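Undergrad: this is the structure alone, sequence omitted:
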């Protein structure tokens with residue numbers, strides 16, 4: 001029996017944990033690896049190998065520790081994590097933290113701290129707080145990474161010049177003049193060759209350049225410098241990998257308790273934030289990559305935190321560096337064409353093979369070459385793009401303080417300073433209000449820019465008292481928040497001014513919001529308030545979804561209209577051209593300025609919707625509202641009864657078939673949803689239809705719904721039902737049955753058949769109960785995909 005079950009936004013079910021309706025039969029359980037994953041894993045391995053050794057060198061840890069972390073990050077985090085295409089391993093962002101821990105507590109205690117940090121990550125993942133990390137200001141995160149990058153670059157510069165780095169950035173800076181005076185030509189030449197290859201390899205022009213760029217620049221730089229050093233016979237410190245039998249594992253932590261707790265918290269913070277932000281960045285890369293299988297969904301951040309915690313426990317136990325998601329390797333994995341988590345796991349296996357079989361080759365690498373590689377990574381962490389972004393958002397103080405704090409004091413202290421400055425900047429913006437008064441053509445304009453709180457009431461009062469009695473006034477409220485004191489002050493003045501013959505018009509985001517009243521529009525969030533003002537004229541208190549007939553902006557409410565016929569059940573009376581013109585005018589004044597940038601981007605890049613949404617033309621069904629979607633998200637097709645004519649039965653009307661073909665073959669949508677709704681007039685007309693009579697356009701169209709009527713009348717198939725109850729009446733039963741039947745029609749279209757065979761398309765059935773404002777998603781399985789026997793399960797829309 002087909003069943004529709006209510007959706008709940010709070011539920012979070014991984015796509016791989018349930019089989020969606022109308023999907024192809026599940027594949028064989030035999031383990032298979034796609035060719036794209038194999039090639040991607042090789043590309044990532046070639047990048048990870050030199051970087052892992054270089055990061056281990058930069059921290060002062062045994063070089064094997066970098067290989068252990070790379071292998072564990074690939075295999076454990078790759079298998080258990082929630083971001084299938086993110087590659088984990090030793091990260092440059094952890095270099096400063098790990099180096100400080102090794103210097104203070106020694107290597108074995110540092111491994112124990114890594115294990116404890118992994119346990120802390122497991123706890124945070126179980127508490128499902130991963131998305132809380134995204135609340136940290138990007139300026140703080142970018143500042144932290146920039147500070148770590150500066151620290152890495154300054155420290156590795158000493159090794160590049162042939163010396164040894166000091167314990168802190170300030171000490172390294174003070175020691176630079178003496179280091180420059182005592183250069184080691186061999187180390188400088190090898191480092192310079194490494195940097196030149198890193199810089200020039202990605203810029204080789206022509207067809208040859210396109211072929212050569214498939215080899216990672218990091219591998220070419222280190223391999224080229226190593227070969228040159230060996231051929232020239234240069235005497236340089238090189239990679240030394242002792243026998244794995246002597247590799248140091250984790251020991252019991254030794255040191256002051258508070259110091260160890262701070263070390264665990266710092267490691268947990270940096271590992272978690274870097275991994276979670278990396279997972280979000282990978283989602284953006286994946287979304288922009290065409291042709292990716294539908295099985296690769298958005299990252300499950302809580303699962304990713306659990307996977308990272310497990311990887312840190314294993315890595316620390318085996319004597320490896322702390323593990324986190326690595327942006328460079330993850331980006332290479334996506335761009336190399338990876339299609340599943342197998343690429344990440346295979347890269348970890350390749351690291352294990354290299355660590356066991358390639359030791360003689362790895363020991364040819366000069367340490368100066370690895371130092372130059374890591375120094376370049378540190379310099380790249382100070383991103384000019386990030387600096388421009390924080391400048392545009394006026395968060396330079398947060399970025400600068402965080403960066404300097406990390407460089408001078410340490411990671412945890414720098415992040416704490418950044419958070420303090422971010423809070424101070426937010427409070428400053430909340431209390432900073434600019435109020436001006438001017439007169440233009442006999443009309444007095446009072447402009448309020450910023451949040452209107454009790455602190456701004458004296459300035460507001462002075463500006464309002466500059467308006468003479470009986471004058472026409474326009475008060476423009478540009479902020480998104482007004483507290484009770486400011487509301488009372490403005491309301492009292494408005495009442496007094498209008499009582500003395502003046503007129504007051506309130507415009508802007510808070511126009512008409514009765515902020516001080518319980519249960520009123522004051523309870524809206526800033527975002528909702530902004531949306532509220534985007535729908536009505538000045539002073540309109542109406543929500544963005546308020547029908548025209550209910551607007552209270554500048555005209556009285558008309559009497560409630562009579563219910564229409566079945567095709568317009570509950571619909572309002574005919575809207576006049578004035579209603580449409582007013583709505584367009586309100587859009588141009590309030591909404592257009594907020595969406596113009598996004599629409600301009602869509603105009604430049606073209607539409608790339610992820611879903612074809614086929615639903616009824618009923619005026620009560622607002623697709624963007626019930627799916628919380630915006631411009632560019634849904635490719636929407638609407639018709640009477642959400643019908644999908646079978647191929648070959650269109651009889652001259654190919655509009656639906658053309659939309660399906662365009663969405664699947666041109667736009668490459670990943671899913672198609674057929675959405676029915678309660679009280680559908682088309683289904684009512686279908687039930688009431690009688691044989692014969694005039695063949696009107698409506699009757700000719702509704703013949704595509706006759707298979708739904710026959711399906712419901714048949715005794716060989718159980719009826720579809722809503723979760724927890726039977727359909728209320730025959731109309732609702734037909735509405736549900738029609739969704740199932742139209743999905744079968746949809747499955748017969750050639751483009752749909754082809755896309756589903758390739759695993760690139762999913763089909764969904766949806767039912768929206770208008771009276772309950774409740775969405776339902778069809779679920780179920782059947783041996784021949786008829787959906788006569790299904791298993792109900794909650795699935796979020």
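TA: Received, thanks. Bear in mind the structure is a predicted one, so any value in this text is a computation, not a measurement. Numbering: from 1, shown residues only.

Undergrad: the helices in the stretch 351-500 of the chain, which residues?
TA: 359-362, 367-380, 384-392, 396-408, 411-431, 457-464, 484-499 (DSSP state H, counting those that start in this stretch).

Undergrad: to residue 128, which of these lies closest?
TA: In terms of Cβ to Cβ, the element of those nearest to residue 128 is helix 411-431, at 22.3 Å. No exception for glycine: its C-beta is placed from N, CA and C like everyone else's.

Undergrad: chain center to stretch 253-266, what's the gap?
TA: Taking Cα atoms, centre = their mean, to the nearest Å, one finds the center of stretch 253-266 at 34 Å from the center of the full chain.

Undergrad: ah, wrong one, I meant stretch 474-493
TA: In terms of Cα atoms, centre = their mean, the centre of stretch 474-493 is found 35 Å from the chain centre.

Undergrad: for that stretch, measure first residue to last.
TA: The stretch stretch 474-493 measures 13 Å between its terminal residues, going by Cα to Cα, to the nearest Å.

Undergrad: quick check: buried residues in that stretch?
TA: For stretch 474-493, a neighbour-count test (16 or more other Cβ atoms under 10 Å) marks 474-483, 485-487, 489-490, 493 as buried.

Undergrad: what do you get for stretch 702-713?
TA: 702, 704-705, 707-709, 711-712.

Undergrad: and if you look at stretch 397-415?
TA: 397-407, 410-412, 414-415.

Undergrad: repeat that for stretch 390-398.
TA: Under 16+ other Cβ under 10 Å, the buried positions of stretch 390-398 are 390, 395, 397-398.

Undergrad: next one: stretch 415-425
TA: Quick answer for stretch 415-425 (16+ other Cβ under 10 Å): 415, 417-419, 421-422, 425.

Undergrad: repeat for stretch 605-622
TA: Within stretch 605-622, the residues that qualify as buried are 609-616, 618, 620-621, counting by 16+ other Cβ under 10 Å.

Undergrad: name the nearest of the residues you listed relative to residue 365.
TA: Closest to residue 365, out of all of the buried residues of stretch 605-622 and judged by Cβ to Cβ, is residue 610, at 44.6 Å.

Undergrad: pipe the buried residues of stretch 702-713 into TSV and attach secondary structure, distance to residue 760 and pLDDT per row.
TA: Listed next are the buried residues of stretch 702-713 as TSV, based on DSSP: H, G, I helix; E, B strand; the rest coil; distance: Cβ to Cβ, whole Å; pLDDT from 0 to 100:
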residue	secondary structure	distance to residue 760	pLDDT
702	helix	32	88
704	helix	26	89
705	helix	29	89
707	helix	27	89
708	helix	28	89
709	helix	33	86
711	helix	28	85
712	helix	32	84
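
Undergrad: just these now: which is nearest residue 636?
TA: Closest to residue 636, out of all of those and judged by Cβ to Cβ, is residue 704, at 18.8 Å.

Undergrad: in this structure the closest one contacts residue 643, no?
TA: Yes: using Cβ atoms under 8 Å, residue 704 is in contact with residue 643, at 4.4 Å.

Undergrad: name the residues contacting each of the two.
TA: Shared contacts of residue 704 and residue 643 (Cβ atoms under 8 Å, 6 or more residues apart in numbering): residue 745.

Undergrad: what is the host helix or strand of residue 68 packed up against?
TA: According to DSSP states H and E, residue 68 maps onto helix 63-72. With contacts taken as 3 or more Cβ pairs under 8 Å, 6 or more residues apart in numbering; DSSP states H and E, helix 63-72 sits against helix 35-59, helix 301-317, helix 342-357.
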